[in-house]
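K.L.:
Sequence first, predicted model second:
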Amino acid sequence: MRQQDCNELKTERLDLRPICLTPTFKFANYLFDLISNNRDFFKYMPWIDIETPEQEYEFLLSASQNWKTQKTATYGMYLSNTDEFVGCCSVMNINIKNCSCEIGYWLNPKYSRQGFMTEAVNAVTKEYYDRGANRIVIRANPENTGSCNVAKRCGFVYEGVSKQVEYNPATKNFEDLAVFAKLKEN
């Protein structure tokens, strides 16, 4: 699997821009407000406990650093025609030796159920197959039917549930994650 470059991806309706450039505090404030105003929508996310714009800015700085160290590749999703922020799609747990990685994502609630995440996940999946990935995994809370359905629509196959694998600060519990995978040959 090839090392990742900081390249923009394009789909029919979206520009997926790497968060690998210098993050701004203005964007961190925007994200913090979006999350704060939609905490119930984001209840399945492990980062729901972010309490300040400064913490969000630290996340953006770490996302930028993780591009450089090949750990994670986070793409900001923007509407091609208006440049409005839609959400994020990340490639995580990148394993160069085993040619595998994981995709995670979240969406601004006002853009849900419009196919944007399916479009983004398909683009990121293709990009990482082109880079040499053999196996790509998506993990989602089994109760988060929206995320599970994105995985299925993108051709990922349900493999089962990992029990109590992720701590969720919103529920203060360890929660199960459904595992979906897709092989390059499929």
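P.N.:
Received the coordinates, thanks.
K.L.:
Tell me, please, the helix or strand in the protein that averages the lowest pLDDT.
P.N.:
Taking mean pLDDT, DSSP states H and E as the measure, the chain has helix 53-68 as its least confident helix or strand, at a mean of 84.
K.L.:
what's the offset of it from the middle of its chain?
P.N.:
14 Å (C-alpha atoms, centre = their mean, to the nearest Å).
K.L.:
Report the buried residues of it.
P.N.:
P53, E56, Y57, F59, L60, A63, S64, N66, W67 (16 or more other C-beta atoms under 10 Å). C-beta here means a position set from N, CA and C on the backbone, and glycine is covered the same way.
K.L.:
Identify, from these, the entry nearest to P142.
P.N.:
Distance to P142, by C-beta to C-beta, is smallest for F59 among the buried residues of helix 53-68, at 25.6 Å.
K.L.:
Okay, and the beta partners of the nearest residue to G160 once chain neighbours are set aside?
P.N.:
Distance criterion C-beta to C-beta, 6 or more residues apart in numbering; nearest residue to G160, sequence neighbours excluded, is V179 at 5.8 Å. Listed by DSSP bridges, the beta-bridge partners for V179 are R139, G160.
K.L.:
Low-confidence ranges, the protein, go.
P.N.:
1-4, 20-22, 186 (pLDDT under 70).
K.L.:
which residue ranges form the helices in it?
P.N.:
Along the chain, counting by DSSP state H, helices occupy 25-36, 53-68, 116-130, 145-153.
K.L.:
would JSON lines of these with distance to E166 be doable?
P.N.:
Converted to JSON lines, the helices of the chain look like this (distance: least, C-beta to C-beta, whole Å):
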{"stretch": "helix 25-36", "distance to E166": "18"}
{"stretch": "helix 53-68", "distance to E166": "17"}
{"stretch": "helix 116-130", "distance to E166": "19"}
{"stretch": "helix 145-153", "distance to E166": "13"}
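K.L.:
that older thread, can you give me the separation between the residue nearest to G160 and T52?
P.N.:
V179 sits 33 Å away from T52, taking C-beta to C-beta, to the nearest Å as the criterion.
K.L.:
neighbours of the residue nearest to G160, just the number please.
P.N.:
Applying other C-beta atoms under 10 Å, we find 20 residues neighbouring V179.
K.L.:
and what of N173?
P.N.:
For N173, the neighbour count with other C-beta under 10 Å is 11.
K.L.:
Who does it form a beta bridge with?
P.N.:
N168.
K.L.:
related to what we said a few turns ago, got a list of contacts for the least confident helix or strand of the chain?
P.N.:
4, 6, 18-25, 27-29, 31-32, 35, 47, 50, 72-74, 90 (C-beta atoms under 8 Å, 6 or more residues apart in numbering).
K.L.:
Buried members of those into ChimeraX, please.
P.N.:
Restricted to buried positions by 16+ other C-beta under 10 Å, the ChimeraX selection for the contacts of helix 53-68 reads:
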select :4,18,19,20,23,27,28,31,32,35,50,72,73,74,90
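K.L.:
Understood, closing this out.
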